[in-house]
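> this one's sequence-less:
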C-alpha cells in the first residue's frame, strides 16, 4: 500500500482510485459499495458515466502525470477503466511510490499490440501470424505468404474496432499506411467463432477464472455474450481457462485480465488482451457468484478472490447501442413491462448512434430462448423496434 | 410527477430523492446505478452510510419542512429510508405539489402503531389483541383479560426493538408509563416463529410479492432471515402473500411494504408494517431476480415491477452487528478467504457494539449448511470469533 494506506487509523478502509469514468468505472463503483471500501474516479468531466454516480469524483486529465499524482494522493491503490494512460506517466507514478495495479510492466501488454504479440510468441502462446510493418512492401510481402485480406492494427490506442482495418488488397493497405501510425499486420484468420475468458489475479498470486464465453461481434463491437460458451468441448474450455491463468501469471497482471480468443480449426488463438473489467464479463454481475467488478477490486486490494461460479445454468448479455432517438427512458418502461426478468444496466451516457449505452442480461436455462429475450430487450431499448 | 419532471428535456431521466442516508438508502443508491436514473439522498451529515457513496447527497434535517422542500426541488419523486419524517411536514410537501411516495396517508400506518392497529382491526386483519393505554389501571385491566406479560409499545418513533417493552407485571409497566409517551398495550402472543413478507406496489396498482421468509430476532433486532421460510405450508405462504398484497392496496402504499408476521397456533398475526426496503428483504439483492431496492425504485417511479422470483433454491441472510473491535476490514480478509461464495455487504458505519453495520448472504441448496456459513461469516466479521 502507498503512503496513505500505512497512515490509516483503526476502522479506516482502503480507498481504490480508478482512472477513467466510463461504464466500467461506473459498475466498479457499484460493486465497491458492497465491500464497504472507499472508491474514487478520475473523470475528465462531471457528467461522465461513473462521475454521475460516484461520490468520490476527482476531475482531471489522465494524460498528465500531475493530475494522476494529485488523484493518487487520496488513494491507496490506483487502477484503470481503460488502457490509455501513457506508459511514461505510469512509471513516474510507480517511481513516486504509488501502488499501481496492474503495474506498468504488465499493462504495456494491453497498451501495445506489438509488445503483446512478441511476448506471447516468446511464451509459445498460439496467436495469428503477425509482423510489424511500416511500408506497403512489408504488407504485400506478408500477404504473399499469408494471403489477402490482411488485418492492419494500430499498435496503440485502439478499442471497439477502432484502430483495426481489414484490407482486401494493397490499395486499402496503402490508405491505412498513409495515416503514419505505428502498425502491425496480422493474418485474417478463418475463425469459427470468438471466445473470451476473464481471469483475476491478486498480488499474492491467487487466481480465479470465470467460465469461457462466446462473444459475438459486429463492426468490431461486442454485441452479445453467451455464458458459458455453447457447445464448447470441456477440454477446450479448460485449456482456455488454463491459458488465461497462465498469461495473468506470466505477465504479472494484478486485477482482471480478459483474453479474447479465436476458435479455429487449428485450435484457440489469442486475439487481444485487456487488463480491466471487460465487456465479455458484464454477465457476471448477476450470472456469477462474484462479479468481475468486485473481483477486480478484490484483486487490486489483495483481498481473497470470490467464487467465479455460475449463478444460473446460462446467462446471455446483449449490449444496448444508441439509436436515432436519444430518449431511452420511455422505452425502458415497455422493456421492463414486457419482460419482468430481464436485468437492465444503463450507463447514463448521451446517446449517439452505435455507441454502447447499456446492456441487458437474462439468466436461466435454454440459451436460445434467453438469447431471444435479451436481443428483444436490447433492440427495443436501442431503437424501439425488435430488430435493431 | 412534480414540476421538475414535466420540465424534462429529451434524454433526461427522472430523479428519485430519498430522505435519510442509512444503509437502506445506500443499497437503494447502488440499485439506482443500474436503472440509469438520477438518485439523491437527504443526509444529516456527509459521513452517513449512503452519503459516503451517493454522488447526489444533499445535507439537511428531515424534521424541517424547509429542508425537505429544498431537497425535493431537485427531485421528481420523494421517498424515504425511515418513517421519522413528521406527518405534518409530509402533508405540507404534498400540498405544495411534490410527489411523495408512499404518500402521507399510507405512511401514517407505518408511523403510528395505534393508527395501524385500528385500521387493520377495521379491515378484519388478524393482529394481537391491543388497546391504547395511558394509565396503569388500563394496563392492568388489559392484563386481567390477556395475562402477563404484556407488551407496551411507543405509538411513534420505535425501531429495532427500541420503543418496545415486554412487561412482566405492574411495576415494569408503571416504569414505562412514567416516560410520559403515547403507548399501546398488546398481548404477549405465544408465537411459533416470526415471518415476513415483502411486497411492492406501484401507483398504477401493479403488485409484486416476494417469497415469505422466516426472520430470527434477538433483543428486538433482526439477526437472520431464511428465504423461503423453511417448512412453511404452501397454503400459509400463499395466504401471507395475499395479505401483503391486500394491505398494500388497502392502505394505498406506493413502494415496498414489509409486513412482519407472527406464526401462531391460531394462524398468522400482523406484528409490524414498514413502507420502505426492509431488513427482511436484504437477501433479495442476490437471492431474487429483482432486489427489493430496485423494486422500490421501480414502484415509486411507476416503472413496471421486476420479477421477485428466487434466483437460488435458498438464501440465508445474517446481519453483522458491531462488536468490541471497530476495525472490521482486517477481518474481512479472513472471511472472504474462508468462504469465497459468501456475499458481504458492509455499510460504512462506525462500529458500535450491537449496531447493524452490514450483512452477509449465502445462496444455494440446503438451508442448514447455508445458515452455518452465513452465521460463521457474520460472527467473524462482528467479533473475530465464530460465535458472536
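Perfect, thanks for sending it. This one's a predicted model, so the numbers in the text were calculated from it and none came from an experiment.

> quick one: contacts for residue A:329?
B:12, B:13, B:14, B:36, B:37 (Cβ atoms under 8 Å, 6 or more residues apart in numbering or on different chains). C-beta coordinates here come from the backbone N, C-alpha and C atoms, glycine included.

> And it, its phi and psi?
Per-residue torsions, residue A:329: phi -60, psi -40 (degrees, to the nearest 10).

> Give me the most central residue, chain A.
The structure's chain A has its C-alpha centroid closest to residue A:278; by Cα atoms, centre = their mean the separation is 2.6 Å.

> That one and chain B, how far apart?
Using Cβ to the nearest Cβ, to the nearest Å, one gets 18 Å for the distance from residue A:278 to chain B.

> Over to residue A:221?
20 Å.

> repeat for residue A:344
Distance from residue A:344 to chain B, by Cβ to the nearest Cβ: 7 Å.

> part of a helix, is that residue?
No - applying DSSP: H, G, I helix; E, B strand; the rest coil, one finds residue A:344 to be strand, outside a helix.

> thought it was touching residue B:33?
No - at 11.4 Å, residue A:344 and residue B:33 do not qualify as touching, with contact defined as Cβ atoms under 8 Å.

> Between those two, which has more neighbouring residues?
Set residue A:344 next to residue B:33 and count neighbours by other Cβ atoms under 10 Å in any protein chain shown: residue B:33 wins out with 26 against 22.

> I'd like to know the phi and psi angles of the nearest residue to residue A:301 once chain neighbours are set aside, please.
Distance criterion Cβ to Cβ, 6 or more residues apart in numbering or on different chains; nearest residue to residue A:301, sequence neighbours excluded, is residue A:14 at 5.8 Å. With angles defined as degrees, to the nearest 10, residue A:14 sits at phi -70, psi 160.

> Next: residue A:268.
Dihedral angles (degrees, to the nearest 10) for residue A:268: phi -90, psi 140.

> give me the number of residues near it?
19.

> ditto for the one 5 residues further on
Residues within reach of residue A:273, counting by other Cβ under 10 Å, total 25.

> can you tell me which residues contact it?
Here residue A:273 is in contact with A:109, A:110, A:116, A:247, A:251, A:257, A:258, A:259, A:260 (criterion: Cβ under 8 Å, 6+ apart).

> Inside helices: which ones of these?
The helices, defined by DSSP state H, take in A:109, A:110, A:116, A:247, A:251 from those.

> okay, those residues in a markdown table with pLDDT, neighbour count and distance to chain B next?
Listed next are the ones in helices among the contacts of residue A:273 as a markdown table, based on pLDDT from 0 to 100; neighbours: other Cβ atoms under 10 Å in any protein chain shown; distance: Cβ to the nearest Cβ, whole Å:
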| residue | pLDDT | neighbour count | distance to chain B |
| --- | --- | --- | --- |
| A:109 | 97 | 24 | 27 |
| A:110 | 96 | 22 | 26 |
| A:116 | 97 | 22 | 30 |
| A:247 | 98 | 23 | 22 |
| A:251 | 98 | 22 | 24 |
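
> Which two among those residues are spaced furthest apart?
Farthest-apart pair in those is A:110 and A:247; separation 10.8 Å (Cβ to Cβ).

> rewinding a little: who's the closest spatial neighbour of the residue nearest to the centre of chain A, skipping the chain neighbours?
residue A:258 (3.4 Å).

> Next, count neighbours for the one you found.
With other Cβ under 10 Å as criterion, residue A:258 counts 23.

> That one and residue A:284 touch, don't they?
No - Residue A:258 lies out of contact with residue A:284 (Cβ under 8 Å); the separation is 11.2 Å.

> Now name the helix or strand holding residue A:362.
According to DSSP states H and E, residue A:362 maps onto strand A:356-364.

> quick one: buried residues of the helix or strand following that strand?
Using DSSP H and E, the helix or strand that directly follows strand A:356-364 along the chain is helix A:367-383. Of all the residues in helix A:367-383, those buried under the rule 16 or more other Cβ atoms under 10 Å in any protein chain shown are A:367, A:370-371, A:373-383.

> for the residue in the stretch 201-350 of chain A positioned nearest to chain B, what are its contacts?
Nearest to chain B in the stretch 201-350 of chain A, going by Cβ to the nearest Cβ, is residue A:346, at a distance of 2.7 Å. The contact partners of residue A:346, by Cβ under 8 Å, 6+ apart, come to A:320, A:328, A:332, A:357, A:358, A:381, B:34, B:35, B:36.

> ok, so of the residues you listed, who is nearest residue B:336?
Of the contacts of residue A:346, the one sitting nearest to residue B:336 (Cβ to Cβ) turns out to be residue B:34, at 23.7 Å.

> how about the residues of the stretch 51-200 of chain A that lie near chain B?
With Cβ under 8 Å from any Cβ of the partner chain as the criterion, the stretch 51-200 of chain A comes near chain B at residues A:51, A:52, A:53, A:54, A:55, A:57.

> now the helix or strand hosting residue A:269, how far from the chain's geometric center?
In the assignment (DSSP H and E), residue A:269 maps to strand A:267-274. Its chain's C-alpha centre and that of strand A:267-274 lie 13 Å apart, by Cα atoms, centre = their mean, to the nearest Å.

> Just checking: what are the partner strands of it?
strand A:255-264 (antiparallel) (DSSP bridges).

> buried stuff in the strand it pairs with?
Those buried within strand A:255-264 under the rule 16+ other Cβ under 10 Å are A:255, A:256, A:257, A:258, A:259, A:260, A:261, A:262, A:263.

> which of the contacts of residue A:346 are buried?
Counted by 16+ other Cβ under 10 Å, the contacts of residue A:346 give A:320, A:328, A:332, A:357, A:358, A:381, B:34, B:35, B:36 as buried.

> Next up, the contacts around the last one.
The contact partners of residue B:36, taken as Cβ under 8 Å, 6+ apart, are A:328, A:329, A:332, A:344, A:345, A:346, A:347, A:348, A:358, B:13.

> Please convert these to CSV, extending it with distance to residue A:89.
As requested, the contacts of residue B:36 are arranged in CSV below (distance: Cβ to Cβ, whole Å):
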residue, distance to residue A:89
A:328, 36
A:329, 38
A:332, 39
A:344, 36
A:345, 31
A:346, 32
A:347, 26
A:348, 28
A:358, 31
B:13, 35
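
> ok, these vs residue A:83, which is closest?
Distances from residue A:83 to these, taken by Cβ to Cβ, are shortest for residue A:347, at 19.0 Å.

> Just the buried residues from the contacts of residue A:329, in ChimeraX please.
Buried residues among these (16+ other Cβ under 10 Å), as a ChimeraX selection:
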select /B:13,14,36,37
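
> any weak-confidence spans in the stretch 51-200 of chain A?
A:159-160 (pLDDT under 70).

> can you map out the helices along it?
A:65-72, A:87-95, A:104-111, A:113-122, A:136-146, A:170-177 (DSSP state H, counting those that start in this stretch).

> most neighbours per residue, which of the ones you listed?
helix A:104-111 (a mean of 21; mean count of other Cβ atoms under 10 Å in any protein chain shown).

> now the angle between strand A:267-274 and that one, please.
110 degrees (axes from the mean of the first three to the mean of the last three Cα atoms, to 10 degrees).
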